[in-house]
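Enquirer: got a predicted structure here, sequence first:
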Amino acid sequence: MSQYAFHFDGTRCTGCKTCEFACKDFRDLQVGFAYRKVYEVTYGETTKDSNGCFATSCTSYPLSLACNHCDDPACTHVCPTGAMHKDAETGLVSVDAEKCVGCGYCHMACPYNAPKVDREKGHSVKCDGCAERVAAGRKPVCVEACPARALDFGIAEDMAAKGERAAIAPLPEPSYTNPNLYVKPSVDALPAGSADGKVVNPLEVM
Amino acid sequence: MQESMPRISRRSFVKTTGALGALAAAGGAATATGSLFGVGAAHADADAPDEVVWGHCAINCPSRCPLKFHVKDDEIVWVEADTSSDAAFEDRQARACLRGRSYRRWMNSPDRLSYPLKRVGARGEGKFERISWEEAIDTIAGELTRVIESYGNDAVYIDYATGVEGVTTGQPFQRLLNLCGGYLDYYGSYSAAQLAYMQATVFGASGGGSALKTAEDAELVLVFGSSPIETRQGGLHTHYDYVALREKTKGKIIVIDPRFNDSLSGHSDQWLPINPGTDAALVAAIAYELIAADRIDVDFLHTYCSGFDEESMPEAARGKHLSYKDYVLGEGYDKVEKSPEWAAPITGIDADAIRALAAEIAEASPLFVTQGWGPQRRSNGEWNFWSICLLPLLVGQAGKPGTNNGNRESRFIIPLTDFPSGENPVEASISCFLFTDAIDHGTEMTKTKDGVRGADRLSNNIKFLINYAGNCLTNQHSDINKAHDILADESKCEFILAVDTVMCDSAKYADILLPDLFRSEQVSLASTGSNTAYIVTAQPCTSPKFERKTAYEMCEMLAEKLGVRDEFTEGKTQAEWIEELYEADREEDPELPSYAELVEMGVYKRERPGNIALDKFVADPVENALATPSGKIEIFSQKIAKAMEEWEFAEDETVYPVPAYVPEWHGVETTTDEFPLALSGFHYRGRVHSSWGSIELLKEANPQELWINPVDAESRGIKQGDRVSVKNEFGETQLLAKVTPRIVPGTVAMAQGAWHDADMQGDRIDRGGCINTLTTQRPSPLAKGNPQHSNICNVSKA
Amino acid sequence: MEAAFAELPLALFTTLAPIGAGAFVALAIALLTTPFSDEQLKRIDRMTLIPLVVVIMGFAASFFHLASPLHAPGVFAGVGGSPLSNEILVGAIFTVLAVVYVVCALTGRLSGGARKVLVVVVAASALVFACFTGLAYVMETIASWNSPLSPVQIVGFALAGGIALGTLVLALSGALPTALQGAYRQAALIVVVAGAVLALVGLCGQAALVGSLANPHVAGADLVAAAMPWLAGAVVCLVLGCAATVVALRGRSAVVAAVSASTLVVVGVFVARLVFYGLQLSVGLA
């Protein structure tokens, strides 16, 4: 088996959301659903002193995140039907719509906000790593879409060579699920678990 | 490149009919039965491969990315871009942004127009009735003839509109009107009016900036009010170029902006926050420091510039302390020394920080200074632009590798010949921003008061207006409430024709509204570029749906009615014009592929040779003298000095012939107790101006928000996500609060282009967060441009 | 608390099923402590349909939570691995046992000894089911639920609610006075107090725990603040419900007291369950 993984280059990402929308178009997702989302972390302050001069410690960075096709996926562990499963060949995690009961436990369990139940479709939905494209030799549509070339996808070892296993805020420590996301952080990035590393654009991502 | 054929989940019948239901509602009495688009797709053979058709974005975004439409059964299934799996960072690919990737949603939007419509309610009310093409053409031709006969051709106007900007066949109405005796033209733009005026004034015609990649060689890159990430998205335009620059340059980047814009994300060390509209004060203080430290490159200024000091002043202006140096040292003009201490409270930048920046500038070689179009889109925009351009000149950092002239970076574009508009017999033109004035009181508008060009005054008010692919009647114009009153009065502009793809706010003011085809639904060609030039092509990705037509076909039908069809078409279809004009261009530029090859390629790219602003002039200032009165770069402008004597200015209007700091009206220094906050607009990733502004998917992930510093929010009891009301003397708009340290205290900002959503017969409160509810129609002093970032307001919880 | 209201079917399920199951614990205690007459047993058995129906209503509610209820048989695929599968398996076993018990009892096929054995088995499976219902939420990635407090509170609800409902069954059967003459009163009192303690410790303990947690998306203290009025309401209902149970166990206006007790506990537990879902706090982005 060769486990696939995403790579995220935080020094390049501009938070433009092209990845998210390329996916939404390709997968024909409607309002309320996004398989890839872009989180904004902003901290620090910008103030004005008595002389009217500014001081700033403001720092802000984006993180583009989909399913991380974890080594130990929380979603598959809690799935009662086995619908949420990890492919033996590629390590990609996806939903078997024929099995899924739509209980939402995967959604609750995933610390990366990846799966979500689509009640209209009657099952959980999420990024499947564009398994069909990958099988055909392409990369996931989000990766090929990125104008800033901040995303990559490939064999986990190759991605690991380009960055640390996802340990920047707002992500949880990677030890929970061992995500197949490798990150080259920007200088502004805070470590996972940092108290300042809050998601400041909840409307856009939740 | 390998093409895979991924299978797409089929769209449901329910979804399609839902969109159609809304479409029918948007079209008033327009019925949507019979050829329901998309219905067939549900029964499509899932195994049949997609057909891939090249198209392109055609909107007012310079990126104009190529798009690959994947089509099945005459329906777009998904939209790809110029991509491949194995492209390295250096491999230039024109990767469309989130909007390009959402084209399908726009094309199938519930707001899409499908039939010719006739207004049945009040102007602006948005009530229409479906009519036949024949009735539409008869009415338009009849009204045009009537207005020309009753008033003259100069009562006919084509409003500034950029919805299909960049395509080679984007101006068919201009050609049609020129064949009918002409029309009142405009000059300038809503994008960069002040810049265009001053670029010509300071540098002459050839005042464009260096390529952005020139900055890769710089030691210090100073960026004033620019965010290419937000304004020029995509993988082969300045978005990519800027990411590449950040990665490649060894120089330090400093972004001077009131807003921690998206181009700073992840790179916070590069942000130098400043009060909006005060760039010229910062430059003056830096100049003061450089003079004090004797770091001015006087030789450079004497050789290449006019008016820095008394010695380099034009003869007629000497002995009056009118030089820039006299301004800075307090010897002339307002007699105030422009020390860092003076600038600190104005700019919000601490005096020591200004001194430190001046020292860095003095040391940096090469120094690359660039600016966006934000600093110039202000009530003092002429001087902001000018002063930023001055900065590199002070230290002699222009015309050599790694430098820029302070102007916005220039773009490399392969020139293509447009479908000819012909000669306009009407000589008068107005600033595009003043069209509502010209409707309301055009005959009172003069050269010296309103910047009328080509005539001393207008002899007619605008009576017949064409708005093709634009939203500048209201949404993107200023003071929407005032614009509404002028446009809604049918006795003023007697007929309005609008042509658009969707029912935008401006379209609601049409008397006749015609349904346009997107450029990717017809044959199209456009040329654009940034560091890399590229040409994009489109073939119809689907057949024309409903009764939509191309603008060319509409003009052809009108030309027939007006008896000028043969002159209009010269016997050619739009597609034939495109091919013929391109092949003629290819004779001049044999490197270009043949038209057939180009259509097959979809996108043709060409790397830019080196480009450094002013390099020829600096190499030989005599041989390559600039087209300015002095033949040099004008730090003292003889043209403006003359205008100061001849033009009429308002009492609170200060005009300087040097790049001085002009405190703004409606600026940070002129806030009031009632409206204590400055308000600025910015470009948003979720829209290009108002294009895509109604796409729910984009709105969901890119909410319309007011950026407000926690200091200003807390004192108003405003929390993140609250719905807030922003008010000033012009109106009220509502949107969500983004409480963030990414904006300086005292200033709030909202992205321009959100769709105006107000009951204009009722309370007129805009619930769409459209900034132009709050902007003024008063133009900037010299360019008569739109100062849409200069506003004051107050904010409260809605 | 917005998230909580999206989980109404789950809240109903985790309210009704444990309380209905808990009533069999009360019945087991009564049957073990009290020699009822055949006539009384017959009436008790008829009234035992009430807790059974409550349990089945709970399961029925849970189906509204599912996006594809028709795929529900597949949930047993995850037994052993998925805590949810385990819960449903245990729940199914309990329900089958309870149905078998009620059917056999109603058809008169239970001798005295067999009845006692079977009701004890049903009661035991009821407690295991309640425990597993809580355990279904114990997962490492949801910090606010990942503690013994999750099962503890549901066992508490099952016991406190079960005694209230079981006492109501006895009261409606006219067998309560007989039961109160023996050890039922004391045993039931102990269980109801124990249940109340477990419920309150579980509930309040969890609120305290969540108050100290935070993730990049939300602060637990904010969740607790939003849930606080609901939490207070739940505690009040539970305490009053248990008090009413005690009144019923004293034999005064037993039916009225037991109806009040059951209603209050059901309402209290339901609100407590909403609070539980409102206090969901992931280790990551939820």
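Expert: Great, that's in hand. Numbers count the residues shown, from 1 in each chain, chains lettered A, B, ... in the order given.

Enquirer: before we move on, which element is B:Leu514 in?
Expert: Assigned by DSSP states H and E, B:Leu514 falls within strand B:512-515.

Enquirer: could you dump that strand to CSV, C-alpha only?
Expert: This file holds the C-alpha atoms of strand B:512-515, laid out as CSV (Å, rounded to 0.1, in the frame of the first residue of the first chain):
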residue,chain,number,x,y,z
ILE,B,512,-35.4,47.9,-22.5
LEU,B,513,-33.2,45.2,-21.2
LEU,B,514,-31.6,42.7,-23.5
PRO,B,515,-30.2,39.2,-22.6
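
Enquirer: show me what contacts the closest residue to B:Gln194 other than its chain neighbours?
Expert: Spatially, and ignoring its direct neighbours in sequence, B:Gln194 is nearest to B:Gly381 (3.4 Å; C-beta to C-beta, 6 or more residues apart in numbering or on different chains). C-beta here means a position set from N, CA and C on the backbone, and glycine is covered the same way. Contact analysis of B:Gly381 by C-beta atoms under 8 Å, 6 or more residues apart in numbering or on different chains lists B:193-195, B:375, B:780, B:783, B:785, B:787.

Enquirer: what's whichever strand or helix holds B:Val223 in contact with?
Expert: In this assignment (DSSP H and E), B:Val223 forms part of strand B:220-224. The contact list for strand B:220-224 (C-beta under 8 Å, 6+ apart) reads B:215, B:245, B:249, B:251-257, B:263, B:279, B:360-361, B:364, B:367-372, B:375, B:384, B:388, B:391.

Enquirer: which ones are touching the residue sitting furthest away from the middle of chain A?
Expert: No residue in chain A sits farther from the centre than A:Asn51, which is 43.6 Å out by C-alpha atoms, centre = their mean. By C-beta under 8 Å, 6+ apart, the contact list for A:Asn51 reads B:344-345, B:350.

Enquirer: how about 10 Å then?
Expert: B:341, B:344-345, B:348, B:350-351 (C-beta atoms under 10 Å, 6 or more residues apart in numbering or on different chains).

Enquirer: filter these by proximity to chain A?
Expert: B:341, B:344-345, B:348, B:350-351 (C-beta under 10 Å from any C-beta of the partner chain).

Enquirer: from those, which land in helices?
Expert: B:341, B:344-345, B:351 (DSSP state H).

Enquirer: got a pLDDT number for residue 175?
Expert: Unless you meant another one, I'm taking chain A. We have a pLDDT of 97 for A:Ser175.

Enquirer: should've been chain C
Expert: With respect to pLDDT, C:Ala175 scores 95.

Enquirer: where does pLDDT dip in chain A?
Expert: Along chain A, no part satisfies pLDDT under 70.

Enquirer: at the geometric centre of it, which residue do we find?
Expert: A:Leu65 (1.9 Å).

Enquirer: so what's B:Gly307 up against?
Expert: Taking C-beta under 10 Å, 6+ apart as the test, what B:Gly307 contacts is B:301, B:313-314, B:317, B:322-327, B:630, B:632-638, B:641, B:657-659.

Enquirer: mind putting the contacts of B:Gly381 into CSV with pLDDT, neighbour count and secondary structure?
Expert: Converted to CSV, those look like this (pLDDT from 0 to 100; neighbours: other C-beta atoms under 10 Å in any protein chain shown; DSSP: H, G, I helix; E, B strand; the rest coil):
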residue, pLDDT, neighbour count, secondary structure
B:Ala193, 98, 27, helix
B:Gln194, 98, 30, helix
B:Leu195, 98, 28, helix
B:Pro375, 98, 29, coil
B:Ser780, 97, 28, coil
B:Ala783, 98, 27, coil
B:Gly785, 98, 31, coil
B:Pro787, 98, 29, coil
